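Trainee: one predicted model, sequence on top.
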Amino acid sequence: HAPFRVALHGISVADSLAALDRLFKADVDPARVAAIIVEPVQGEGGFYEAPREFMSALRKICDQHGMLLIADEVQTGFARTGKMFAMDHHEVAPDITTMAKSLAGGFPLSAVTGRAEIMDAPNPGGLGGTYGGSPIGVAAAHAVLDVIEEENLCDRANTLGNRLKQRLQSIRDDTPEIVDIRGPGFMNAVEFNEVKKGLPSAEIANAVRLKALDKGLILLTCGVYGNVIRFLAPITIQDGVLNEALDILESSIREVRAS
Ligand SMILES: Cc1ncc(COP(=O)(O)O)c(C=O)c1O
């Protein structure tokens, strides 16, 4: 309903906030809005990071109108961005956080946490589901939390992400189709444009994805233009496996460029 700040696509924090303001003037009375839910780093949307001033502004808007600020940390949580939660990069706290995916290292488990008065509001049994609180899932989550601490996975996420971004940067030096390399920790992305028109190119991103698939590396695209390749490999990946992936990625980009 309102554009997310993406400097690369000409949308500033001010544009984003102005659109939100217009929304509350023209489309919906803010008194009728229960919550704003935001991904601190967009997932499917293209791996764009919410700037700190944007998150602080959302917090202020929520406080002003009595809305809750919900952080969707389903992709960003559990050391992915170099901190335990992506909201730890911000100066403000959400009222509610949603989490899943890495929470139990692949076992089916999701969680909602928040301020006590919110979490205590439902009646007993009012917040649940068929698979809620699966003992195996919960045990897996405990093991994940131990491993994150024991293996310093927040630091490891930064190390791995830097390695990936450095490799992409070296490819970018002679690949003008690469217009952005980004992402905190090990939640990274590379964005492709068609050089002559200077427009987002889903074709290039897809061609790289297919070339890599031929060579045994599974990549996923994302973003509103489909021109982004995202990287969300396990933070426990071994160095040798990452290097193999980076070599395939590099040769795939270079071969697409040459074709
Ligand atoms: C950022 C984000 N939020 C929420 C969801 C949905 O999570 P779940 O499948 O646990 O409902 C996803 C799923 O991919 C996601 O990426």
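Mentor: Thanks, I have it. Values in this document were obtained by computation on a predicted structure and should not be read as measured data. Numbers count the residues shown, from 1 in each chain.

Trainee: which single residue in the stretch 101-250 of the chain comes nearest to the ligand?
Mentor: Ser110 (4.4 Å; Cβ to the nearest ligand atom). All C-beta atoms are positioned from the backbone trio N, CA, C, and that covers glycine.

Trainee: what number of residues are in the vicinity of that residue?
Mentor: Counted with other Cβ atoms under 10 Å, residues neighbouring Ser110 total 15.

Trainee: ok, the closest residue to it other than its chain neighbours - contacts?
Mentor: Distance criterion Cβ to Cβ, 6 or more residues apart in numbering; nearest residue to Ser110, sequence neighbours excluded, is Ala100 at 3.7 Å. Ala100 makes contact with 74, 109-111, according to Cβ atoms under 8 Å, 6 or more residues apart in numbering.

Trainee: turn those into JSON lines, including secondary structure.
Mentor: Converted to JSON lines, the contacts of Ala100 look like this (DSSP: H, G, I helix; E, B strand; the rest coil):
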{"residue": "Val74", "secondary structure": "coil"}
{"residue": "Leu109", "secondary structure": "coil"}
{"residue": "Ser110", "secondary structure": "coil"}
{"residue": "Ala111", "secondary structure": "strand"}
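
Trainee: list only buried entries from these.
Mentor: 74, 109, 111 (16 or more other Cβ atoms under 10 Å).

Trainee: any chance of those in a markdown table, with pLDDT too?
Mentor: Shown next, in a markdown table, are these (pLDDT from 0 to 100):
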| residue | pLDDT |
| --- | --- |
| Val74 | 97 |
| Leu109 | 93 |
| Ala111 | 94 |
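
Trainee: for the longest strand along the chain, name the packing helices and strands.
Mentor: With secondary structure taken from DSSP state E, the chain has its longest strand at strand 188-194. With contacts taken as 3 or more Cβ pairs under 8 Å, 6 or more residues apart in numbering; DSSP states H and E, strand 188-194 sits against helix 153-172, strand 178-182, strand 199-200, helix 202-214, strand 228-231.

Trainee: how far is it from where the chain is centred?
Mentor: The gap between where strand 188-194 is centred and where its chain is centred comes out at 15 Å by Cα atoms, centre = their mean, to the nearest Å.
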